[in-house]
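Asks: sequence unknown, structure follows:
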């Protein structure tokens, strides 16, 4: 068995063009010789086809895709026969949200809200069926020429009804650092609120042209997510609607319990931002640590004083003078 190439025939599909290539799979444009329909095929690289856990994950992605039936989720197809591992999907004519943001940022508020609302509708459909995407990002949101959203790539999606699979190549990083939720950084599997966080980050980026957290590298940026506070949208866009800012900041709250608990709840506010209460900038923020903010400084002072006291006691002790070795008697 060899890698699939342009011009090959894969079961009922004729390979026409390479659309994209990632570290684990390639996406091809193909023609269904049985129906004449143009489709997209996701074919894993040859070195992964013999890995049992990868095969189960790839198979699960296909099963998840077939369970979803929504206009804002890419449609998975069912080949009549499969001679090797691959996934057949509808071919979406358009470009990714990432490509859109590279050419235009920030987006007009109306357009950003229209995209976010469609993503919310897709997430609500997925979550009702126990599916968590876990890798929502602009690269996985396709936009057609008519402005329709299509969510793609369920490679690390979580089926809450299935057992957990682990494989070092897939489990070392779940999600993309820029959009991953703080609880996923801590090693948790994530739930529907993790998808809400990712969408909130994407909406922040669409409205400001920037991310809520930044750093010189991915580790610093993830540390900021777990320990810091996001910059308000007005930092980048003075005069942005305060109600809309409240929605976005609630969606990207550090603690899952403080976010929107469902995509449906976020969708309701996105449809009527003016009805959302404004945030109190002086309200105390919940900290990730169990130590209240008012006690943090006193405890730090106590720790410093205790350390100085220990140092003084240690340096105040003088070691006993060294004992002189006994002198051997001289021989006569």
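Replies: Now that the structure is in, tell me what you want to look at. On a predicted model such as this, the values are computed, not experimentally measured, just so you know.

Asks: wait, is residue 180 part of a helix?
Replies: No. Checked against DSSP: H, G, I helix; E, B strand; the rest coil, residue 180 lies outside a helix; its state is coil.

Asks: contacting residues around it?
Replies: Shown in contact with residue 180 (C-beta atoms under 8 Å, 6 or more residues apart in numbering): 174, 194, 198, 222, 225. Where C-beta positions appear, they are placed from N, C-alpha and C, glycine not excepted.

Asks: roughly how far does the second one sit from residue 60?
Replies: With distances defined as C-beta to C-beta, to the nearest Å, the gap from residue 194 to residue 60 amounts to 18 Å.

Asks: helices - which of the contacts of residue 180 land there?
Replies: 194, 198, 222, 225 (DSSP state H).

Asks: so, low pLDDT: which residues of the protein?
Replies: Flagging of the chain using pLDDT under 70 yields the residue ranges 162-175, 281-332.

Asks: would you map the helices across it?
Replies: Using DSSP H, helices in the chain cover 52-67, 97-103, 109-128, 168-171, 182-185, 192-208, 218-227, 242-251, 263-271, 293-316.

Asks: elements contacting the second one?
Replies: What that stands for is helix 97-103. strand 141-144, helix 192-208 (3 or more C-beta pairs under 8 Å, 6 or more residues apart in numbering; DSSP states H and E).

Asks: what do you get if the cut-off is 7 Å, keeping everything else the same?
Replies: Using 3 or more C-beta pairs under 7 Å, 6 or more residues apart in numbering; DSSP states H and E, the elements in contact with helix 97-103 are strand 141-144.

Asks: how many neighbouring residues does residue 159 have?
Replies: 18 (other C-beta atoms under 10 Å).

Asks: and it, how close does it get to residue 133?
Replies: Residue 159 is 11 Å from residue 133, by C-beta to C-beta.

Asks: tell me which of the helices of the chain is the most buried.
Replies: Burial of those is given as mean neighbour count (mean count of other C-beta atoms under 10 Å); helix 192-208 ranks first at a mean of 26.

Asks: what are the contacting residues of it?
Replies: Residues from elsewhere that reach helix 192-208, judged by C-beta atoms under 7 Å, 6 or more residues apart in numbering: 101, 106-107, 109, 112, 115-116, 119-120, 123, 127, 132-134, 136-138, 179, 181, 183-184, 211-212, 233, 236-237, 240, 248, 251-252, 256, 259-263, 266.

Asks: separation between residue 277 and residue 245?
Replies: Distance from residue 277 to residue 245, by C-beta to C-beta: 12 Å.

Asks: nearest residue to residue 262 other than its sequence neighbours?
Replies: residue 192 (6.4 Å; C-beta to C-beta, 6 or more residues apart in numbering).

Asks: and the gap between the closest residue to residue 13 other than its chain neighbours and residue 214?
Replies: Leaving out its chain neighbours, the residue that sits closest to residue 13 by C-beta to C-beta, 6+ apart is residue 30, at 4.1 Å. Per C-beta to C-beta, residue 30 is found 40 Å from residue 214.

Asks: just residue 139 next, same as before
Replies: Taking C-beta to C-beta as the measure, residue 139 falls 19 Å from residue 214.
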